[in-house]
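Participant: test case, fold it:
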Amino acid sequence: MPASGSFGPDRIHRLPVRVYYEDTDFSGIVYHARYLHFFERGRTESLRAIGIHHSELAAADEPLAFAVRRMNVEFEKAARVDDVLVVETLYRPQKGARLMIDQRIRRGPETIAGAQVQAVCIDGTGRAKRPPRSMAERWASFVLPADADWPSV
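Facilitator: Numbers count the residues shown, from 1 in each chain. Modelled structure (predicted):
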């Protein structure tokens with residue numbers, strides 16, 4: 001299945017998502033834990049767009065997976081039912097087995113939430129493992145330099 005969303009020339013993957021009633025609390029505002037789902041979809045679809053599929057990694061002779069090791073989230077504004085949001089995913093230089101990922105969720109020009117994610121590549125036993133060279137080469141052209149700011153919108 002093809003990836004949802006796409007990378008722009010600025011190396012940001014953008015995935016549109018709509019807020020459904022099931023994403024909200026009793027007040028019609030997106031429940032805070034749902035943002036983690038939106039961020040996860042952004043990471044998964046960006047990897048798929050690069051050609052890295054979770055199902056293929058798990059089925060390999062030497063199975064691999066990604067696990068979130070650390071995530072810092074800042075909630076800036078509320079999203080509401082029926083909003084159309086865009087999950088933006090940006091890769092930073094890899095550090096050993098760790099992927100450094102910046103994400104934000106936007107509604108038009110407004111940032112709703114932002115996250116700094118450290119994911120780790122793990123083997124079938126759950127131990128951290130440096131991603132294979134072929135995988136690192138696939139995402140190399142999508143990585144923004146460590147000291148670069150988010151490209152302007």
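Participant: lowest-pLDDT helix or strand in this protein?
Facilitator: Of all helical and strand segments in the chain, the minimum by mean pLDDT, DSSP states H and E falls on helix 54-59, at a mean of 76.
Participant: buried residues, that helix. List them.
Facilitator: Of the residues in helix 54-59, residue 57 count as buried by neighbour count, 16 or more other C-beta atoms under 10 Å. C-beta here means a position set from N, CA and C on the backbone, and glycine is covered the same way.
Participant: what's the longest strand that the chain contains in contact with?
Facilitator: Using DSSP state E, we find that the single longest strand of the chain is strand 110-123. Outside strand 110-123, the residues within contact range by C-beta atoms under 8 Å, 6 or more residues apart in numbering are 35, 39, 43, 62-79, 85, 97-106, 128-131, 135.
Participant: the least confident helix or strand of the chain: how far from the chain's middle?
Facilitator: Offset of helix 54-59 from its chain centre (C-alpha atoms, centre = their mean, to the nearest Å): 17 Å.
Participant: can you name the element that comes right after it?
Facilitator: Toward the C-terminus, helix 54-59 is succeeded by strand 64-75 as the next helix or strand (DSSP states H and E).
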